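[1] Can you look at this prediction? I've put the sequence above it.
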Amino acid sequence: MQPTLLIVDDEKPTREGLRAALEDHYDVYIAEDAATAMSLLEQEHFDVMLTDFRLPNEDGMKLIARAKSLPKPPICILMTAYGSEELAVEAMRKGADDYIAKGRMQIDELEMRINRALKQQNLEAENVSLKKQLSKKFGVENIIGESPRIREILEIVQQVAPTRATILILGESGTGKELIAKAIHQLSPRAKHPLVTVHCAALSPTLLESELFGHEKGAFTGAHERRIGRFEQAQGGTLFLDEIGEIDQATQVKLLRFLSERTFERVGSNKTLTADVRVVTATNKDLEEMVNAGTFREDLYFRLKVVELVMPPLRERMEDVPLLAHTFLREFARENEKKINEFSPEAMEALMHYCWPGNVRELRTAIEHAVVLCRENKIILRDLPQNVRTGFSKLGNSTSPLTAEPTTVGEAEKQMMMRALKECDGNRSEAAKKIGMSRRTFHRRLRKYGLEDF
């Protein structure tokens, strides 16, 4: 489809001459004054408007200003026989994309300028589209759930993202803490700057300190050259420290200093550096318990939790399981080029009655497993992982209180805890670990369900 072009000039020979010269490459419309031009602009979308400066009743620059106020404004090029640098500057200030003197205008040059402006417009449209795609990929749209707990978290994320506040994200493994960190960054004014992620548990204390703050050449054995740390890499953006509960005391001190003063030194250097970096952290550990045990600094803990977000385990939002399962089904069916679009009632019931100790991550893996093994156009019980099938079979074949069908999410969690305690011979720490729950949360739930003496 050819680009649409509107030519506005009160001189008929100029209008018709330009139309004849350009209509082979453009879908050309003409107007003799600003009123006619605006009427056309409001009825049709034009890619380019070429307008004379001198028009009856209203000059070309005022017409450009009005055209640029439209929801989808055209590229605007101003023509005039009264060329001057001052007029060119004023035209650009009013919104003109280019400026050309009629007395020296060549059709080849005019077409070149129009094409250049169209390419620039297409590039800008692609950038907008890319930003929307990135927002969808990393923003709240990628966090799936309709449960009250998830809705509350997403509301807080949208409220705190534009601020500079340090944020601590708590929750069991697999609950989506990193997705929340990415959403916070993407919805913040820092989105155009880097989001740098460090998994603290994956590095030894010495390596972690160097990774975060950098080091100078010769700072330690193997330091053959200067290294820029993650704080410097994240300049202007966000540093996400996952598994923050794993950092040692020396690194805690350095991190506390940065949060207090925004300053740090590379390992092996006395030069103080600064960085404009927002810090977001996450952990599956109970930091308050670690503070009480003396393994995590209390002052750092309070610095990190200016805003605290607690990601609920999947077993506490089981109403989101069908939505998550169908989302993952579409994703993996597309990746594996399979036409699978639903779950059998029995398969969905099994998904709804499994306790999901690995949370959303485990559910995602289970659906991928099912898609790969599926032989029909829907997921059936046989396609699900064995642990999901086994739990469902026990549930269906027993009438004992421990395995009877739960009627609520709370009842399902209670039964899961009772089962874990039974399998661990009453050892509460082992039972909590088995189902992926912190010891403190486990004890709190025991009191909630009246299971202290179980």
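    It's in.
[2] Show me which parts of the helix or strand hosting Glu232 are buried, residue by residue.
    Using DSSP states H and E, the element containing Glu232 is helix 230-233. Across helix 230-233, burial judged by 16 or more other C-beta atoms under 10 Å covers Arg230, Phe231, Glu232. The C-beta positions use only the backbone N, C-alpha and C, and glycine is treated the same way.
[3] now stretch 344-359
    For stretch 344-359, by 16+ other C-beta under 10 Å, it's 346-359.
[4] Equivalent analysis for stretch 21-32, please.
    In stretch 21-32, counting by 16+ other C-beta under 10 Å, buried: Leu22, Tyr26, Val28, Tyr29, Ile30, Ala31, Glu32.
[5] my guess is the third one meets Gly17, correct?
    Right, the one you point to is Val28. No: judged on C-beta atoms under 8 Å, Val28 makes no contact with Gly17 at a distance of 11.5 Å.
[6] want to try a markdown table for the buried residues of stretch 344-359, with distance to Ile114 as columns?
    Output for the buried residues of stretch 344-359, formatted as a markdown table (distance: C-beta to C-beta, whole Å):
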| residue | distance to Ile114 |
| --- | --- |
| Glu346 | 63 |
| Ala347 | 58 |
| Met348 | 57 |
| Glu349 | 63 |
| Ala350 | 62 |
| Leu351 | 57 |
| Met352 | 60 |
| His353 | 64 |
| Tyr354 | 62 |
| Cys355 | 64 |
| Trp356 | 59 |
| Pro357 | 62 |
| Gly358 | 58 |
| Asn359 | 55 |
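[7] So which of these is the closest to Ala370?
    Ala347 (7.6 Å; C-beta to C-beta).
[8] where's the closest one relative to Leu446, distance?
    32 Å (C-beta to C-beta, to the nearest Å).
[9] for Ala67, same thing?
    Distance from Ala67 to Leu446, by C-beta to C-beta: 69 Å.
[10] mind checking pLDDT for Gln249?
    Looking at Gln249, its pLDDT is 93.
[11] How about it, nearest residue that isn't a chain neighbour?
    Sequence neighbours aside, Arg297 is the residue nearest to Gln249 in space, at 7.3 Å (criterion: C-beta to C-beta, 6 or more residues apart in numbering).
[12] List the buried residues for stretch 183-200?
    183-188, 190-191, 193-198, 200.
[13] Take those and keep only those in strands.
    Leu195, Val196, Thr197, Val198 (DSSP state E).
[14] So what pairs up with the second one in the strands?
    When bridges are called by DSSP bridges, Val196 pairs up with Leu239.
[15] so where is the stretch 251-400 of the chain shaky, pLDDT-wise?
    For the stretch 251-400 of the chain, the stretches flagged by pLDDT under 70 are 391-400.
[16] can you give me the strands in it?
    263-264, 273-274, 278-283, 307-310, 342-343, 378-379 (DSSP state E, counting those that start in this stretch).
[17] Please apply the same query to the stretch 101-250 of the chain.
    Under DSSP E, counting those that start in this stretch, the stretch 101-250 of the chain gives strands at 167-170, 195-199, 238-242.
[18] Can you lay out those strands as CSV showing distance to Gln106 and mean pLDDT?
    Formatted as CSV, the strands of the stretch 101-250 of the chain follow (distance: least, C-beta to C-beta, whole Å; pLDDT from 0 to 100):
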stretch, distance to Gln106, mean pLDDT
strand 167-170, 59, 97
strand 195-199, 49, 95
strand 238-242, 51, 97
